[in-house]
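*Asks:* got a predicted structure plus its sequence, pasted below:
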Amino acid sequence: QKKMFISLIEHLKKVKDFRKNKGKRHPLWLVLLVVILGMMSGHQSYREIGYFAKYERKNLLNSFKIATERLPSFATIRRVMMGVDWENLREIFNQWAGKNYPKINEADWLAIDGKSLRSTVTNYGDKSQNFAMIVSLFSQTTGLVLALGKIDNKKESEVGGVRELVRDCGLKGKVITADALHCNQGTIQAIITSENDYLIA
């Protein structure tokens, strides 16, 4: 497991850093690692991930041999996640997941689902309300994410994000499940074209 995270760090170092060097306290890969580990531990908002970094600081620094005394704060985490090149990050994460995921058992069905992200809502209570959503394809046996994508709710729909994820996942011969939202001809055709099977309520 530790080798997987070392490999993840090496991949995260390839993500383009949009920040200027002046005033930069933490390398981008470190901020992204904290976000990923925080979310894996059940923390969904920027502030929760900031608390996670604060209270797990010693464990994180020791486990990953990180040569720094401080971890990113809530404000830094929020600023990075709002400015990072999502497509670049998604591509690199999916590359890492594809290389490091253990061999998928034929009986391991895959689930696909979309979840909105807390703390990303803008213009609450207005017609122009917007929020970010993550669409993920994951193993029902291990719970590990195989691929993910991001949706800007104002511009795209979960249905379109799921179809794109199915087309790009690179998996074949698997059974993909989804909820009733995706029981439509376009999504089913995308699954068939990707050479996978489906079970949708």
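*Replies:* Structure received.

*Asks:* helices and strands around the helix or strand containing residue 134, which ones?
*Replies:* Under the criterion of DSSP states H and E, residue 134 resides in strand 132-139. Counting by 3 or more Cβ pairs under 8 Å, 6 or more residues apart in numbering; DSSP states H and E, the packing neighbours recorded for strand 132-139 are strand 110-116, strand 145-152, helix 158-168. Where C-beta positions appear, they are placed from N, C-alpha and C, glycine not excepted.

*Asks:* residues contacting that strand, please?
*Replies:* The contact list for strand 132-139 (Cβ atoms under 8 Å, 6 or more residues apart in numbering) reads 101, 104, 108, 110-117, 120, 144-153, 158, 161-162, 165-166, 169, 171, 176.

*Asks:* ok, back up a step: make CSV from the helices and strands packed on strand 132-139 and add mean neighbour count to it.
*Replies:* Below are those laid out as CSV (neighbours: other Cβ atoms under 10 Å):
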stretch, mean neighbour count
strand 110-116, 18
strand 145-152, 18
helix 158-168, 20
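
*Asks:* which one, of the ones you listed, ends up nearest to residue 74?
*Replies:* strand 110-116 (19.8 Å; Cβ to Cβ).

*Asks:* tell me the strands beside that closest one, with direction?
*Replies:* Taking DSSP bridges as the criterion, strand 110-116 forms sheet pairs with strand 132-139 (antiparallel), strand 175-178 (parallel).

*Asks:* which residues touch that strand?
*Replies:* 131-140, 146, 151, 153, 158, 161-162, 165-166, 171, 174-179, 182.

*Asks:* the residues you listed, buried ones only, as a PyMOL selection?
*Replies:* PyMOL command restricting these to the buried ones, with burial defined by 16 or more other Cβ atoms under 10 Å:
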select buried, resi 131+132+133+134+135+136+137+138+139+146+151+153+158+161+162+165+166+171+174+175+176+177+178+182
